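Asker: Let me see the structure of the following:
(one chain, ligands or ions: 2)
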Amino acid sequence: MLIVADENIPLLDSFFGDIGDIRQVPGRTMSATDVQDADILLVRSVTRVNQELLANSRVRFVGTCTIGTDHIDQQWLESAGISFAAAPGCNANSVAEYVLSVISLRAEKLCEDDWTRLSVGIVGAGNVGGELAHKLERLGFDVVICDPPRAEQSEEEDAKNFASLDEALKCDVVTLHTPLVQEGDHPTYHLLDASRLAALTADQLLINTSRGEVIDSAALVERLAEANPPTVVLDVWEHEPRINPELVEQAWIATPHVAGYSLEGKVQGSEMIYQALSQYLGLPARKKSGQFLPEPALSKLSFTSAASEMDAARVAIRSCCDPRRDDARLRHSLGMSSDERGQAFDRLRRQYPVRREFSSLKIQLKGTSKSAQDTFRALGFKIKL
Ligand SMILES: NC(=O)C1=CN([C@@H]2O[C@H](COP(=O)(O)OP(=O)(O)OC[C@H]3O[C@@H](n4cnc5c(N)ncnc54)[C@H](O)[C@@H]3O)[C@@H](O)[C@H]2O)C=CC1
Ligand SMILES: O=C(O)C(=O)[C@H](O)COP(=O)(O)O
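Answerer: Ligands and ions are numbered 1, 2, ... in the order given. Modelled structure (predicted):
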């Protein structure tokens with residue numbers, strides 16, 4: 001059995017090596033020729049999987065080790081009788097941690113010692129938005145959730161917990177977590193268009209870690225060039241990897257689509273597709289991502305009562321996830337030609353440094369308050385008193 005796989009899928013050999021022969025190819029340029037003799041195709045988000053790629057192949061199973069599925073023509077796969085699996089939720093916690101880190105940076109920039117004074121509007125409350133809302137609520141933030149598909153499916157009483165998009169867009173921090181959906185009752189393509197961007201004010205922060213196309217980026221470039229623009233943090237872009245350098249310059253923090261790139265998140269994506277493929281083939285699935293995760297380089301941090309709760313939380317958060325480092329690397333590519341910038345975008349993703357989730361770090365708290373302990377627990381760190 002031949003498995004053709006994106007070379008950026010971690011632990012390919014460990015998970016899939018005894019299922020078939022593996023041919024690794026670059027996901028971005030994967031062609032019909034690369035897959036024509038494959039039985040199984042494993043991708044990440046950069047490969048468009050459609051009739052053009054697969055019509056002349058013998059592929060019977062496609063797995064994407066990602067949450068997003070907008071790169072997959074699922075309707076065509078079904079019509080062609082090809083089984084499909086994605087990895088819902090695999091890196092949801094990673095994205096939530098990226099957003100928490102950004103919110104901590106925002107509070108610091110505003111000289112706000114109590115970050116929970118910032119209201120947070122979450123647009124799309126599935127695995128990512130739901131996880132983020134859960135953490136923020138435990139921390140004591142005021143969270144406003146907009147998710148019309150969920151609101152419609154809820155009982156009347158629960159539907160009241162959901163706000164409209166316009167209400168969510170009034171929060172101090174607005175963070176987007178919808179899938180990219182082009183059609184249907186709740187499309188998200190250019191959900192934030194010129195008129196919605198015009199309504200955002202200079203004291204608001206807009207974060208996009210969903211898909212670049214959820215914001216009309218041409219309209220965003222114009223809005224950011226006007227007086228009193230909102231602050232923006234962008235992890236995802238229209239036309240990746242050839243993203244608009246002007247938008248990178250205008251963004252407060254600009255990262256190369258890495259919010260979901262914790263090691264745990266990427267490995268869980270591989271594990272979920274290993275499980276789905278094993279089930280499809282009727283094979284036992286005994287391997288678990290935990291057995292392949294190395295010890296983290298940083299495993300323990302200690303704080304005493306001398307450190308303020310917020311300072312300690314900032315240090316801990318940023319020792320795991322600091323989007324400013326990714327921003328600096330992306331900005332470095334701005335002086336390059338357009339082709340080189342596109343290559344640099346993909347290179348930054350391919351060579352992404354190991355990033356571990358908060359749960360990999362044990363926090364030792366000596367003589368600190370109960371409130372500090374609650375904060376670290378809510379963030380997902382392990383606590384040692
Ligand atoms: N930047 C990154 O590295 C990553 C980005 N993502 C992106 O984040 C997206 C969301 O991920 P999950 O939360 O796991 O997906 P999910 O499918 O669990 O949740 C998405 C939520 O959005 C809601 N939604 C759909 N249309 C909406 C609309 N018009 N307005 C408001 N809400 C709407 C859905 O009802 C659902 O609750 C993915 O589809 C992917 O595109 C996911 C992982 C990593
Ligand atoms: O899971 C998703 O959805 C994502 O956006 C991934 O984190 C994207 O990673 P790549 O598939 O582009 O490596």
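
Asker: Whether the helix or strand bottoming out on mean pLDDT in the chain contacts ligand 1 - can you check?
Answerer: When each helix and strand of the chain is scored by mean pLDDT, DSSP states H and E, helix 156-159 comes last, with a mean of 82. No: legend: contact between helix 156-159 and ligand 1 by Cβ under 6 Å from any ligand atom is lacking; minimum distance shown is 12.9 Å. Bear in mind the C-beta positions are built from the backbone N, C-alpha and C, glycine included.

Asker: Can you name the secondary structure element that comes next after that helix?
Answerer: Once the chain leaves helix 156-159, the next helix or strand it forms, by DSSP states H and E, is helix 165-168.

Asker: If you count contacts, what does that following helix end up packed against?
Answerer: Judged by 3 or more Cβ pairs under 8 Å, 6 or more residues apart in numbering; DSSP states H and E, helix 165-168 is in contact with strand 120-123, strand 143-146.

Asker: what about that helix, near ligand 1?
Answerer: No: on the criterion Cβ under 6 Å from any ligand atom, helix 165-168 is out of touch with ligand 1, staying 6.5 Å away.

Asker: So what touches that helix?
Answerer: 121-123, 144-146, 148, 174, 191, 196, 199 (Cβ atoms under 8 Å, 6 or more residues apart in numbering).

Asker: re earlier: tell me which of the helices and strands packed on helix 165-168 sits most buried.
Answerer: Highest mean neighbour count among these (mean count of other Cβ atoms under 10 Å): strand 120-123, with a mean of 25.

Asker: Chain neighbours aside, what residue packs nearest to G129?
Answerer: Closest residue in space to G129, ignoring its immediate chain neighbours: H177 at 3.6 Å, by Cβ to Cβ, 6 or more residues apart in numbering.

Asker: Within range of ligand 1, give me the residues from the stretch 51-200 of the chain.
Answerer: Residues of the stretch 51-200 of the chain lying near ligand 1 (Cβ under 6 Å from any ligand atom): 67-68, 88-89, 91-92, 95, 123-129, 146-150, 177-181, 186, 188, 191.

Asker: The nearest residue to G68 once chain neighbours are set aside: what secondary structure?
Answerer: Spatial nearest neighbour of G68, chain neighbours left out: S45 (5.5 Å); criterion: Cβ to Cβ, 6+ apart. Following DSSP: H, G, I helix; E, B strand; the rest coil, the label given to S45 is coil.

Asker: mind checking how far the residue nearest to G129 is from E131?
Answerer: Distance check for H177 against E131: by Cβ to Cβ, to the nearest Å, it reads 9 Å.

Asker: Looking at these two, which one has more neighbours?
Answerer: Applying other Cβ atoms under 10 Å to H177 and E131 shows that H177 carries more neighbours, namely 27 against 21.

Asker: thinking again about what came up before, go through the residues of the stretch 51-200 of the chain next to ligand 1 and flag which are in helices.
Answerer: Within those, residues falling in helices by DSSP state H are 92, 95, 127-129, 148-150.

Asker: how about the residue of the stretch 251-385 of the chain found nearest ligand 2, secondary structure?
Answerer: Checking the stretch 251-385 of the chain residue by residue against ligand 2 with Cβ to the nearest ligand atom singles out G260 as nearest, at 3.1 Å. For G260, the secondary-structure state derived from three-state DSSP is coil.

Asker: Also M30?
Answerer: M30 falls in the coil class when you classify it by three-state DSSP.

Asker: ditto for L247
Answerer: For L247, the reduced secondary structure class is helix; criterion used: three-state DSSP.

Asker: what number of residues lie near it?
Answerer: If you count neighbours by other Cβ under 10 Å, L247 ends up with 20.

Asker: Could you do G290 as well?
Answerer: By the other Cβ under 10 Å criterion, the neighbourhood of G290 contains 10 residues.

Asker: would JSON lines of the contacts of helix 165-168 with distance to L293 and pLDDT be doable?
Answerer: Formatted as JSON lines, the contacts of helix 165-168 follow (distance: Cβ to Cβ, whole Å; pLDDT from 0 to 100):
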{"residue": "G121", "distance to L293": "34", "pLDDT": "98"}
{"residue": "I122", "distance to L293": "29", "pLDDT": "98"}
{"residue": "V123", "distance to L293": "32", "pLDDT": "98"}
{"residue": "V144", "distance to L293": "35", "pLDDT": "98"}
{"residue": "I145", "distance to L293": "32", "pLDDT": "98"}
{"residue": "C146", "distance to L293": "35", "pLDDT": "98"}
{"residue": "P148", "distance to L293": "37", "pLDDT": "97"}
{"residue": "V174", "distance to L293": "33", "pLDDT": "99"}
{"residue": "L191", "distance to L293": "35", "pLDDT": "98"}
{"residue": "R196", "distance to L293": "40", "pLDDT": "98"}
{"residue": "A199", "distance to L293": "43", "pLDDT": "97"}
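
Asker: Verify the assumption that S270 is located in a helix.
Answerer: Yes: looking at S270 with three-state DSSP, it is inside a helix.

Asker: Domain-wise, how is this structure divided?
Answerer: The record's domain split for the chain, according to automatic domain parsing, is 2-86+263-291, 92-254, 300-333+352-384.
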